[in-house]
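Engineer: Sharing a model that was predicted from the sequence below.
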Amino acid sequence: MTEPTFERRVHTWIEAGPSELPDDALGFIRAAIETVPQDRPPIRILRHVFPLVSLRAAAALVLFLVAGAAISFRFTGPDVANPRSPGDLLYAFPSAATVIERSGEAAGGTEVVTIGTLPTGRGFMLAGSCTGGAGVIARIYVPQGIQAGPSGGGASPPVRTGLATLPVSCDGATHHLGVATAEYPAGLQTDVELTISPGVRWRFAVGEFRGTATRPSFPTIRPADGWFALLAATPRLVVGELSLQVEVPEEGGTVAVLIQCAGEPSTASIDGGPPNAIACADPAGVARFEQAVTRPLLDVRITTAGATWVSVGGEVKGTVSTTRPTAPPLPDGLADVRFAESDGISLAFGRLGSNEQTLVHAPGAIVGVAGGDVVGVGLPDEGGGTRLELWSLVNATSVRTLARLAAGNNLGLSWVDATHGSLYYMVYNADFTAEWHRARLDGSGDRIILSTPSGALVAEGRLAIDDGVFVIDWCAATEGPCVRLIHDAASDTSRELALIDDRTCAMLGVVDGSVVALSGPTCAQGDDIRLTRQPLDGGPRRVLVEGTANGMVVEGLDASRLLSWRASEGAVTFASVALTGGTSRDLLTAGSPDMPGPGVASLRIPVGDWVLLAGRLADTFQSGFAPRPVPLLLNVITGDTIPLENLPHTSP
């Protein structure tokens, strides 16, 4: 598996609200909005088989909204019998049950009022109106308990961050804002707060769409014959309108947009065409819209008068080119090294010495670090949970299910210990605790080896190169001693010790009774960060590389070494140093502004002294829409390289 070297490009746009506001309202609203960040923060909690060919386009890439992307909303009153009176703030939304209704008047200066709290896991409509002053700003905050910003040691204290903002001009009209809290763990609350200018008479109400409180189970959409999957987005609760764009290459082609939905009746408009009605009554139903590509961007809009769960997929029908060149001669054992990688839609299985892969349709797959001929793969389970399976690298098939995670809990990285027949994996729980598990590869004996309290700062775990121990470093707070757990794989026993020196900011490898890590006093930005080696049982850290850099321990024929790398203006410089210390030796500088330097694959290569430098290895449409350098095998002792043009890359 390779580290991600690019992020998906996401295109969104915001529909304009009222085109004019009173002159005195503009300054008030602008000043109020600027006091609250609007970007959604990260949450700390991540069989159709066909042979590989270079999937080149006459194709299109469907770009979808992920958490944190903007969603545009547009509302109109539904043409239905309405039990509310026309003066009701929620008159246009008959399926929204009123849960908050407040009114008042700001007689003196600017007032800040919390009118109520909303639970997570739901969809709401906020409605407000005011007269007699400059305006009102309604804010809904990220649920209490969610940590915004980095989750590692040294993170700044959580900041109260805006989830959604509704500016209301005092024109007597009703203004609406749809808000979905479905992606946040259940059991939390989020405030609804008003900032009211002087002299304003105001009314606000919040309606809850209770019929969509439970996420439905959408069946997986498998590609039609002759089509290739482009997109399998995580279901989202949409309140109002979801806007997407389809980006297509110059070659053109045909795109199919696939929509599954459950909730309020909705409409879908493709590329500015007329709205197509979708009943959204059956989660198993699929609305398919095929569109010939006539321009670079294809617009897709899904609109609902209330709240609807929506899952969007995409397929492309295009041409297929010839396979890549055969692999060059490789040192003994390297050609048979296997890998598995997910592009979010497909699982790709291949070998370093082959120009073919097997692709398995597996939306939302999370691939761990392989050991021997198997790897752990997390897959979405029914009801929003996650299923952790053991997969064969040779057969590209699931062997068995090892564990199931409840909805709201999130799977972290997994490691296969082939020597002792075990798999280690991490779980971020909905209550902000974290767990490390050890499960047997035969499906038995899943148990917790470490559980951290809510809000703890977890660094990470790492399996030793020789599979002897699994090591976890974590901290309970931003200051004070951290804890190291050492789990002995052979005896299946654990011991803990306090780390009284620098913190482990990122673990780079466990080898020869020591931990190699990126470490510093607090791990905060601007801290004195260094690449170090420390005895497994604690003690002084030996500095191997000064300054902040990435790194990875590479197993050696005679002795393992630390490979470090730093990026600058698109180029990456790789260097190696002995774990006993000494002078770091530059090995290779690769990349340019036009072709970014390669990443380092987290691939366990049993043949000593070699590491794989590459971009995304999955040869799929999704992975192919970003520049990828030719993968290189790099020898960390000699600096020799072997180009692997048989693996996916971008042609010059």
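Structural biologist: It's in.
Engineer: shaky segments in the stretch 1-150 of the chain?
Structural biologist: 1-83, 144-150 (pLDDT under 70).
Engineer: again, only this time at 50
Structural biologist: Filtered on pLDDT under 50, the stretch 1-150 of the chain yields the residue ranges 1-81, 147-150.
Engineer: could you pull out the strands for the stretch 201-350 of the chain?
Structural biologist: Ranges of strands within the stretch 201-350 of the chain are 201-208, 228-232, 236-247, 254-263, 266-270, 276-278, 287-292, 297-317, 338-342, 346-351, based on DSSP state E, counting those that start in this stretch.
Engineer: I'd like the average pLDDT over the third one.
Structural biologist: This points to strand 236-247. For strand 236-247, mean pLDDT is 82.
Engineer: Determine how far that strand lies from the middle of the whole chain.
Structural biologist: Mean C-alpha position of strand 236-247 versus that of the full chain (CA atoms, centre = their mean, to the nearest Å) differs by 18 Å.
Engineer: which strands and helices sit next to that strand?
Structural biologist: Here strand 236-247 touches strand 61-63, strand 123-131, strand 175-180, strand 254-263, strand 297-317, going by 3 or more CB pairs under 8 Å, 6 or more residues apart in numbering; DSSP states H and E. Where you see a C-beta, it was placed from the backbone N, CA and C, and this is true even at glycine.
Engineer: who does it pair up with?
Structural biologist: Applying DSSP bridges, strand 236-247 is found paired with strand 61-63 (antiparallel), strand 297-317 (antiparallel).
Engineer: Equivalent analysis for the fourth one, please.
Structural biologist: Listed by DSSP bridges, the sheet partners of strand 254-263 and their directions read strand 287-292 (antiparallel), strand 297-317 (antiparallel).
Engineer: What are the buried residues along that strand?
Structural biologist: Of all the residues in strand 254-263, those buried under the rule 16 or more other CB atoms under 10 Å are T254, V255, A256, V257, L258, I259, Q260, C261, A262, G263.
Engineer: Spatially nearest residue to the fourth one, not counting backbone neighbours?
Structural biologist: Put plainly, it is V257. In this structure, V257 finds its nearest non-sequential neighbour in F289, 4.7 Å apart by CB to CB, 6 or more residues apart in numbering.
Engineer: Hmm, A268 and the one you found touching each other?
Structural biologist: Yes: using CB atoms under 8 Å, F289 is in contact with A268, at 6.5 Å.
Engineer: When the two are compared, which one has more neighbours?
Structural biologist: Remark: of F289 and A268, A268 carries more neighbours, 21 against 16, as counted by other CB atoms under 10 Å.
Engineer: Provide a list of residues in contact with the more buried one.
Structural biologist: Shown in contact with A268 (CB atoms under 8 Å, 6 or more residues apart in numbering): V257, I259, P275, N276, I278, A287, F289, V300, R301, I302, T303.
Engineer: which among these end up buried?
Structural biologist: Among the contacts of A268, the ones that count as buried by 16+ other CB under 10 Å are V257, I259, I278, A287, F289, V300, R301, I302, T303.
Engineer: and the last one, what is it in contact with?
Structural biologist: T303 is in contact with R74, G240, E241, L242, S266, T267, A268, S269, P275, counting by CB under 8 Å, 6+ apart.
Engineer: now the helices: where do they sit in this structure?
Structural biologist: Secondary structure of the chain (DSSP state H): helices located at 23-33.
Engineer: shaky segments in it?
Structural biologist: Applying pLDDT under 50 to the chain picks out residues 1-81, 147-158, 320-322.
Engineer: Against L617, how distant is Q357?
Structural biologist: Here Q357 is placed at a distance of 8 Å from L617 (CB to CB, to the nearest Å).
Engineer: Residues in contact with both of the two, list them for me.
Structural biologist: Common neighbours of Q357 and L617 (criterion: CB under 8 Å, 6+ apart): A348, G350.
Engineer: returning to that earlier point: mind putting the buried ones among the contacts of A268 into a markdown table with distance to P331?
Structural biologist: Listed next are the buried ones among the contacts of A268 as a markdown table, based on distance: CB to CB, whole Å:
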| residue | distance to P331 |
| --- | --- |
| V257 | 47 |
| I259 | 50 |
| I278 | 56 |
| A287 | 53 |
| F289 | 51 |
| V300 | 49 |
| R301 | 54 |
| I302 | 53 |
| T303 | 58 |
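Engineer: and which of those is nearest G445?
Structural biologist: Taking CB to CB as the measure, G445 lies nearest I259 of the buried ones among the contacts of A268, at 42.6 Å.
Engineer: In contact with the closest one, which residues?
Structural biologist: For I259, the contact set (CB under 8 Å, 6+ apart) comprises A268, I278, V286, A287, R288, F289, I302, V310, S311, V312, G313.
Engineer: Try it again at 7 Å.
Structural biologist: Going by CB atoms under 7 Å, 6 or more residues apart in numbering, I259 touches A268, I278, A287, I302, V310, V312.
Engineer: Show me which pair in those residues is furthest apart.
Structural biologist: Farthest-apart pair in these is I278 and V312; separation 11.8 Å (CB to CB).
Engineer: Can you tell me how far A92 is from L126?
Structural biologist: For A92 relative to L126 (CB to CB), the value is 13 Å.
Engineer: more neighbours, those two?
Structural biologist: Legend: neighbour count by other CB under 10 Å for A92 and L126, higher for L126 (25 against 21).
Engineer: Can you give me the distance of E546 to G520?
Structural biologist: Taken as CB to CB, the span from E546 to G520 is 12 Å.
Engineer: Give the residues shared as contacts by those two.
Structural biologist: Common neighbours of E546 and G520, using CB under 7 Å, 6+ apart, are R530.
Engineer: Just want to know which of those two has more residues nearby.
Structural biologist: Taking neighbours as other CB under 10 Å, E546 and G520 compare with G520 leading, 20 against 12.
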